[in-house]
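K.L.:
I'd like to go over a predicted model; first the sequence, then the structure.
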Amino acid sequence: MSGRFWTKPVIVSAMAVAILATPASAQDFGIEEFRAGVFYHSAYSGFLPTGDNWDFSRLENVKFSALFASPDIEAFRWIGSPRPEIGTTLNLNGRENLIHANLNWQIPVFDTPLYLELGFGAALTDGALQGATSPARNFGCSLNFYDAAGIGAHVNENVTVTLRYEHISNLELCPPNQGLSNLGVMVGVKF
């Protein structure tokens, strides 16, 4: 599947999420927070950012996501009441785009406005399965695992700012598995 095939549907989806993110309609859909931000595309060439493999030359992604209220069911309370999240990361230079659905845990840092964030789920990408040349990535399969980590702050009752790292990979289920790691900042509006 080429990037051109996915670009229009993903952009339309992002616009629909943005339109739905008005306070009244957001609450009707259970949306607690809408976020938008800018990301460095393929900022790290691995999974856990533990080395010096950073590349900040491609500030070319925009990201939108909606975080929903944690369902009031025992299974969600048992795993820490994560919020379901759907989102999209769009590359403005024709490289890999993705849409994701995940669970998002937000952990307060003591009695401060700061929080840590972890997310786990699945992502669908329009990137090359194989045969791509750098800086494009070879994913092996379109459906991948999605994980994210971040640190953020509640600026006030209605606004958050989050530094977020996101990674998609197929865990070697369908080689090649170059994965994709993006890094960026998101501003959130809470409803």
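P.N.:
Yep, it's here.
K.L.:
Helices of the chain, start to end?
P.N.:
Remark: helices assigned in the chain by DSSP state H are 3-20, 23-28, 74-78.
K.L.:
H167: neighbouring residues, count only.
P.N.:
The tally of other residues near H167 (other CB atoms under 10 Å) stands at 21. Quick note: C-beta positions are derived from backbone N, CA and C, even for glycine.
K.L.:
State the distance from the residue lying farthest from the centre of the chain to N156.
P.N.:
The outermost residue of the chain relative to its centre, with distances by CA atoms, centre = their mean, is D111 at 26.7 Å. Using CB to CB, to the nearest Å, D111 is found at 16 Å from N156.
K.L.:
next one: R83
P.N.:
Distance, R83 to N156, using CB to CB: 19 Å.
K.L.:
what about those two, which has more around it?
P.N.:
For R83 versus N156, the count of surrounding residues by other CB under 10 Å is larger for R83: 22 against 9.
K.L.:
G131 is in contact with R137, isn't it?
P.N.:
No. Assessed by CB atoms under 8 Å, G131 is found out of contact with R137, at 11.2 Å.
K.L.:
what about the two, which has more around it?
P.N.:
Counted by other CB under 10 Å, G131 and R137 do not tie: R137 has more neighbours, with 23 against 8.
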